[in-house]
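In: just a sequence and a predicted model for now, questions to come.
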Amino acid sequence: MARVYSGKKGKHGSHKPPVKITPRWVTYKKDEIEKLVVQMTKERKNTAVIGTILRDQYGIPNIKAITGKTISQILRKNKLNPEMPEDMMSLLKKAVLLRGHLGRFKSDKHAQKGLENLESKIRRLGKFYVRKGLLPKGWKYSAEEAKLIVQK
């Protein structure tokens, strides 16, 4: 089977279109899209899931091209943004799960190294978010606090 060159790097996944214009087939207006985003946020969906749902079920390929704002900006405008950034929250969840795994399998050296790398990434990202003002000034990573935050 011959492969057709599509101009993309790699062969997996979807890629955003290079042109930042609103396609003609999108019938939703800016206000309707913002209402959909707010509604899905109230249903406790995160921004990545919201973007995927809008693309797959509503046929909206690029929210920023239509509204002029990202999903996060729409949430901030409506005061619905989460107290902890989503990428940090997912890293904390991963660290809590990995610590639980290491509690059961103490000799798993690969998991120990993975946890060290993951906690390093959390600390670096935490410093960045403290500088940006998305986390409080004295925020520091600790495994106990991460477990409490994830359990909320």
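Out: Yep, that arrived.
In: so which elements touch the lengthiest helix in the chain?
Out: Using DSSP state H, we find that the single longest helix of the chain is helix 109-132. Applying 3 or more Cβ pairs under 8 Å, 6 or more residues apart in numbering; DSSP states H and E, we find helix 109-132 packed against helix 86-104. All C-beta spots, glycine's among them, are computed from the backbone N, C-alpha and C.
In: check contacts around residue 32.
Out: Neighbouring residues of residue 32 by Cβ atoms under 8 Å, 6 or more residues apart in numbering: there are none.
In: which strand or helix spans it?
Out: Using DSSP states H and E, residue 32 sits within helix 30-42.
In: contact partners of the longest helix of the chain?
Out: 85, 87-88, 91-92, 94-95, 98-99, 101-102, 105, 135-137, 139-141, 143, 146.
In: and the lowest-mean-pLDDT helix or strand in the chain, what does it pack onto?
Out: One helix or strand of the chain scores below all others by mean pLDDT, DSSP states H and E: helix 63-67, with a mean of 88. Here helix 63-67 touches helix 30-42, helix 71-77, going by 3+ Cβ pairs under 8 Å, 6+ apart.
In: got the contact list for it?
Out: Residues from elsewhere that reach helix 63-67, judged by Cβ under 8 Å, 6+ apart: 20-22, 26, 28, 30, 33-34, 37, 51, 54, 60, 69-71, 74.
In: recalculate using a threshold of 10 Å.
Out: Helix 63-67 is contacted from outside by 16-17, 19-23, 26, 28-34, 36-37, 47, 50-51, 54-55, 60, 69-71, 73-74, using Cβ atoms under 10 Å, 6 or more residues apart in numbering.
In: just the buried members of those residues?
Out: 28, 33-34, 36-37, 47, 50-51, 54, 60, 69, 71, 74 (16 or more other Cβ atoms under 10 Å).
In: determine which two of those residues are furthest apart.
Out: Pairwise distances across the buried ones among the contacts of helix 63-67 peak at 17.7 Å for 28 and 47 (criterion: Cβ to Cβ).
In: where does the chain dip in pLDDT?
Out: Residues of the chain that meet the criterion pLDDT under 70 lie in 1-14, 16-17, 19.
In: show me the contacts for the nearest residue to residue 42 once chain neighbours are set aside.
Out: Using Cβ to Cβ, 6 or more residues apart in numbering and skipping the chain neighbours, the partner closest in space to residue 42 is residue 80 (7.5 Å). Going by Cβ under 10 Å, 6+ apart, residue 80 touches 37-38, 41-42, 74.
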